[in-house]
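Undergrad: Quick one, what's the 3D model for this:
(chains A and B)
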Protein chains: 2
Amino acid sequence: MPKEEILDPQGKAVVRALDRIGVSGVSDVRQGKRFVLEVDDSVSREDLERVASTLLANTVIEDFAIEVDGEEK
Amino acid sequence: MPKEEILDPQGKAVVRALDRIGVSGVSDVRQGKRFVLEVDDSVSREDLERVASTLLANTVIEDFAIEVDGEEK
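TA: Numbering: from 1, shown residues only, chains lettered A, B, ... in the order given. Predicted structure coming up:
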């Protein structure tokens, strides 16, 4: 997701569009990316942190969070 | 996220790039979008379903899921 201090024009456009479809009560929208990875047991959480920070996220402007589904290692 | 039957060239490119940074064990990557909305109590889950299906997701090629943080209504 874009960091708090980063402007998100796509999110702002969504807020304005919500008015047009008759939904009020939404004060802010932020748009980011989501990646779903299928991994085997050889991939550690540290590997995932490295993948996220070097390849998937631009850490200058984006924060990331990692969730692991299925059996925990 | 792109539906199962939809090709995801961005995800495939990530799989190939993972080899280059020395991470094996990732069999599949799919890339989608994530929206974080700040809403007040006037916004029902039905409103959110409508926003997701009409405005945020292209339901021809994408599935969506809604998670509500904070107090449930």
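
Undergrad: The closest residue to A:Val68 other than its chain neighbours: how many residues sit nearby?
TA: Leaving aside its sequence neighbours, A:Val68 sits nearest to A:Arg45 (CB to CB, 6 or more residues apart in numbering or on different chains; 7.1 Å). The C-beta positions use only the backbone N, C-alpha and C, and glycine is treated the same way. Look at A:Arg45: counted by other CB atoms under 10 Å in any protein chain shown, it has 11 neighbours.

Undergrad: Could you pull up phi and psi at A:Arg45?
TA: A:Arg45 has phi and psi values of phi -60, psi -30 when expressed as degrees, to the nearest 10.

Undergrad: my read: it touches A:Val51, true?
TA: No. Using CB atoms under 8 Å, A:Arg45 makes no contact with A:Val51, being 10.5 Å away.

Undergrad: Quick one: residues in contact with the longest helix anywhere in chain A.
TA: Ranked by residue count, the top helix of chain A under DSSP state H comes out as helix A:9-20. Contacts with helix A:9-20, where a contact means CB atoms under 8 Å, 6 or more residues apart in numbering or on different chains, come from A:Pro2, A:Ser24, A:Val26, A:Ser27, A:Asp28, A:Val29, A:Arg30, A:Gln31, B:Phe35, B:Val51, B:Leu55, B:Leu56.

Undergrad: swap the cut-off to 6 Å and go again
TA: A:Val26, A:Val29, A:Arg30, A:Gln31, B:Leu55 (CB atoms under 6 Å, 6 or more residues apart in numbering or on different chains).

Undergrad: Let me know the next secondary structure element after that helix.
TA: strand A:26-39 (DSSP states H and E).

Undergrad: Indicate whether that next one makes contact with chain B.
TA: Yes. Looking at strand A:26-39 against chain B by CB under 6 Å from any CB of the partner chain, the contacts come from A:26-32, A:34-39.

Undergrad: can you give me the mean pLDDT across that strand?
TA: Strand A:26-39 shows a mean pLDDT of 95.

Undergrad: Direction included, what does that strand pair against?
TA: strand B:26-39 (antiparallel) (DSSP bridges).

Undergrad: so where's chain A uncertain?
TA: Residue ranges of chain A with pLDDT under 70: A:71-73.
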